[in-house]
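Trainee: Quick one, fold the following:
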Amino acid sequence: MIKNIKETAFEAGTLTLVLRWVIGWTYFSAFWRRIVLENKLNPEEAGYIGEKFNHFLPNALGIKPIIEYLVTHPETLWYAMVIFTIIEALVGLMIILGLFTRLMAFGVFNLALGILLGSGWLGTTCLDEWQIGVLGVASGFVLMLTGSGKYSVDYYLLKKQHPLTQKKSFAYVGSGILSWTAKTKNKIILTGSICITVLTLFTNQYFHGGVFGTLHNKSVKPKLEISNVYTREGYLNFTVMRVEGADVYGSFLIEIAAYNENNEKIEEWSMQELRTLKPHQIQNFYVAKIVPHKNSLLLPLGAKASISLPITTQENIARIQLTDISGLEWSSLIE
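Mentor: Predicted coordinates for the structure are as follows:
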């Protein structure tokens with residue numbers, strides 16, 4: 001038996017066994033999907049994880065500058081995605097095994113918080129990413145408190161009295177009895193639970209209006225933001241960014257039209273013209289790119305580009321209008 005270690009100290013950790021295994025797999029499976037099942041770390045292939053990361057950009061909370069920096073620096077983004085994947089693999093595997101459980105649970109907490117802040121606004125049906133984020137934060141907090149139970153490497157090391165377990169710090173990074181008084185422990189549990197609940201309610205309201213007011217979901221239909229519209233030397237120039245809609249499905253522009261001050265259409269670029277735009281006419285800002293598609297101009301979520309179109313009309317253009325294949329329209333006055 002382990003000296004000075006009561007078996008009851010591991011009861012809570014044993015009760016969270018299934019939570020540990022499931023939350024561990026959710027993170028390890030990210031590595032498994034990206035490396036083993038498919039190669040999602042190749043920037044040249046469809047499904048590159050960097051593009052998925054780019055999808056977080058439009059409505060991320062608090063970490064938008066970090067995301068924007070990475071998606072405007074593709075090489076740095078690739079290294080970040082590789083490091084992130086390795087961390088997810090290590091955290092997930094070690095949580096499953098129950099090795100350095102409390103330290104890895106802290107990793108789960110922070111990974112989940114990053115998911116929540118970056119992509120908590122995504123999810124077409126059930127607020128998917130927000131739920132994953134808040135449940136991951138809560139699960140990480142619980143595992144930090146409980147550590148692992150009898151079915152873990154931590155427990156095995158303690159039972160064998162490995163030298164690592166003789167250090168006071170092991171209980172804080174692994175499992176075992178924490179040197180907290182009952183009063184301190186209760187304060188930490190209550191304070192942490194209140195903070196995580198407040199975070200849950202705040203992000204639910206911020207991303208989705210889920211606490212009061214009008215419920216909204218920014219993943220349901222595409223939305224484009226148009227800016228910097230001007231004409232110069234026979235070209236219409238503007239910047240467009242897709243800021244809402246499903247991350248797995250693009251917005252397909254089938255027409256761009258120009259109108260005069262009397263709101264009369266004086267120029268249009270149809271599907272045929274949009275699908276044959278040349279590379280020099282589309283200057284992309286980020287990893288997710290606006291590109292000509294089979295019968296349209298494709299705008300992935302989070303993509304932003306400057307578009308340049310040749311003008312044939314001699315009239316002054318007052319505004320432009322972009323039309324999606326779904327029938328949605330967006331317009332902007334010329335500067």
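Trainee: Not counting sequence-adjacent ones, nearest residue to residue 108?
Mentor: Of all residues not flanking residue 108 in the chain, residue 140 sits nearest, at 3.7 Å (CB to CB, 6 or more residues apart in numbering). Bear in mind the C-beta positions are built from the backbone N, C-alpha and C, glycine included.
Trainee: Which of the helices or strands spans the one you found?
Mentor: For residue 140, the element it lies in under DSSP states H and E is helix 128-146.
Trainee: next helix or strand past that helix?
Mentor: Following helix 128-146 in sequence, per DSSP H and E, is helix 153-159.
Trainee: In terms of helix, strand or coil, where does residue 331 fall?
Mentor: Here residue 331 takes the strand state, with states given by DSSP: H, G, I helix; E, B strand; the rest coil.
Trainee: Roughly how far does the residue nearest to residue 108 sit from residue 90?
Mentor: As judged by CB to CB, to the nearest Å, residue 140 and residue 90 stand 15 Å apart.
Trainee: Compare these two and say which is more crowded by neighbours.
Mentor: A count of neighbours by other CB atoms under 10 Å puts residue 140 above the other of residue 140 and residue 90, at 24 against 17.
Trainee: okay, now residue 265: neighbour count?
Mentor: Around residue 265 sit 12 other residues, with neighbours defined as other CB under 10 Å.
Trainee: Apologies, that question was intended for residue 47.
Mentor: Neighbours of residue 47 using other CB under 10 Å come to 13.
Trainee: One more: the one 4 residues further on?
Mentor: Counted with other CB under 10 Å, the burial measure for residue 51 works out to 22 neighbours.
Trainee: do the same with residue 59
Mentor: Number of residues near residue 59 (other CB under 10 Å) recorded here: 19.
Trainee: Now it: closest residue in space that isn't a chain neighbour?
Mentor: Leaving aside its chain neighbours, residue 59 sits nearest to residue 121 (4.4 Å; criterion: CB to CB, 6+ apart).
Trainee: Phi and psi next, for the one you found.
Mentor: Torsion angles at residue 121 (phi, psi; degrees, to the nearest 10) stand at phi -90, psi -10.
Trainee: In terms of secondary structure, what does the helix holding residue 140 contact?
Mentor: On a contact count with 3 or more CB pairs under 8 Å, 6 or more residues apart in numbering; DSSP states H and E, helix 128-146 meets helix 11-15, helix 17-31, helix 101-119, helix 182-208.
Trainee: Could you break the protein into its assigned domains?
Mentor: 7-208, 223-333 (automatic domain parsing).
Trainee: what about the last one, average pLDDT?
Mentor: Spelled out, that is domain 223-333. The pLDDT scores in domain 223-333 average 95.
Trainee: Repeat that for stretch 191-201.
Mentor: The pLDDT scores in stretch 191-201 average 98.
Trainee: Just the CA trace of that stretch, in PDB.
Mentor: Provided in PDB are the C-alpha atoms of stretch 191-201 (Å, rounded to 0.1, in the frame of the first residue of the first chain):
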ATOM      1  CA  THR A 191     -15.100  30.400  -7.300                       C
ATOM      2  CA  GLY A 192     -14.100  28.300 -10.300                       C
ATOM      3  CA  SER A 193     -17.600  27.100 -10.800                       C
ATOM      4  CA  ILE A 194     -19.000  30.600 -10.700                       C
ATOM      5  CA  CYS A 195     -16.400  32.000 -13.100                       C
ATOM      6  CA  ILE A 196     -17.000  29.100 -15.600                       C
ATOM      7  CA  THR A 197     -20.800  29.500 -15.400                       C
ATOM      8  CA  VAL A 198     -20.500  33.300 -15.900                       C
ATOM      9  CA  LEU A 199     -18.200  32.600 -18.900                       C
ATOM     10  CA  THR A 200     -20.800  30.100 -20.300                       C
ATOM     11  CA  LEU A 201     -23.700  32.600 -20.000                       C
END
